[in-house]
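In: sequence-free structure coming up:
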């Protein structure tokens, strides 16, 4: 009986750790999570949110399509799809925390800084930084330098930056 109890406690601990990691991954260091980030995580793991769950999530968003940490944690704790996602990640990566890339030591995680910054700046969550979002982000730079920087990053000239164009900031400091 003691062995069975130990196994159940270990599974519960892994689920708690997986849940905490899922919430941290969605929040990405912030105090709010964008609705599209949550949807993207589920799509990438082939776990479907049913219509009821999607409607519940949509009720939690503010005008910027953001969900507060408190509301998101409350949703995630009571959601079967989140539990399924965490269990799937535990089964697929038994030697590390759920979602930890292979080759990383337990407890360490390689963070895509460009992606994290891009998501934080993309207030409307449309996958692009328009001139206004970029200028707000770069408000500490003189206005003429901001415009010049935006124009040099906007390689296709469409008036908005996609993630790959934004990544140039992180790759080349001589722009």
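Out: Received it, and whenever you're ready, just let me know what you need. All figures in this text were calculated on a predicted structure; none of them were measured in a lab.
In: Let me see the contact set for residue 133.
Out: 121, 122, 123, 124 (Cβ atoms under 8 Å, 6 or more residues apart in numbering). Using the backbone N, CA and C atoms, a C-beta is placed for each residue, glycine as well.
In: Now with 7 Å, please.
Out: Residues near residue 133 by Cβ atoms under 7 Å, 6 or more residues apart in numbering: 121, 122, 123.
In: Check those residues for burial and list the buried ones.
Out: The neighbour count (16 or more other Cβ atoms under 10 Å) marks 122, 123 as buried among those.
In: Which single one of the contacts of residue 133 is nearest to residue 12?
Out: Nearest to residue 12 among the contacts of residue 133: residue 122, at 36.5 Å, using Cβ to Cβ.
In: That closest one contacts residue 129, doesn't it?
Out: Yes. Between residue 122 and residue 129 there is a contact at 5.8 Å, judged by Cβ atoms under 7 Å.
In: quick one: low-confidence ranges for this structure?
Out: 1-9, 11, 29, 93-111, 172-175 (pLDDT under 70).
In: Report the contact partners of the residue nearest the centre of it.
Out: Centroid-nearest residue in the chain, with Cα atoms, centre = their mean: residue 26, separated by 4.0 Å. Residue 26 sits next to 33, 37, 38, 41, 72 when contact means Cβ under 7 Å, 6+ apart.
In: Which of those ranks first by neighbour count?
Out: Highest neighbour count within those, by other Cβ atoms under 10 Å: residue 33, with 28 neighbours.
In: Dump the contacts of residue 26 into a markdown table; add secondary structure and distance to residue 170 as well.
Out: As requested, the contacts of residue 26 are exported to a markdown table (DSSP: H, G, I helix; E, B strand; the rest coil; distance: Cβ to Cβ, whole Å):
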| residue | secondary structure | distance to residue 170 |
| --- | --- | --- |
| 33 | strand | 23 |
| 37 | helix | 20 |
| 38 | helix | 25 |
| 41 | helix | 23 |
| 72 | helix | 28 |
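In: Not counting sequence-adjacent ones, nearest residue to the residue nearest to the centre of the chain?
Out: In space, and not counting its chain neighbours, residue 26 is closest to residue 33: 4.5 Å by Cβ to Cβ, 6 or more residues apart in numbering.
In: which stretches of this protein form helices?
Out: 2-27, 35-44, 51-60, 69-77, 80-92, 113-121, 131-137, 143-153, 163-171 (DSSP state H).
In: residues in contact with the third one?
Out: Taking Cβ under 7 Å, 6+ apart as the criterion, the residues outside helix 51-60 that touch it are 35, 38, 67, 71, 75, 79, 81.
In: Closest one of those residues to residue 134?
Out: residue 35 (21.8 Å).
In: ok so, going back, among the contacts of helix 51-60, which one has the most neighbours?
Out: residue 67 (26 neighbours).
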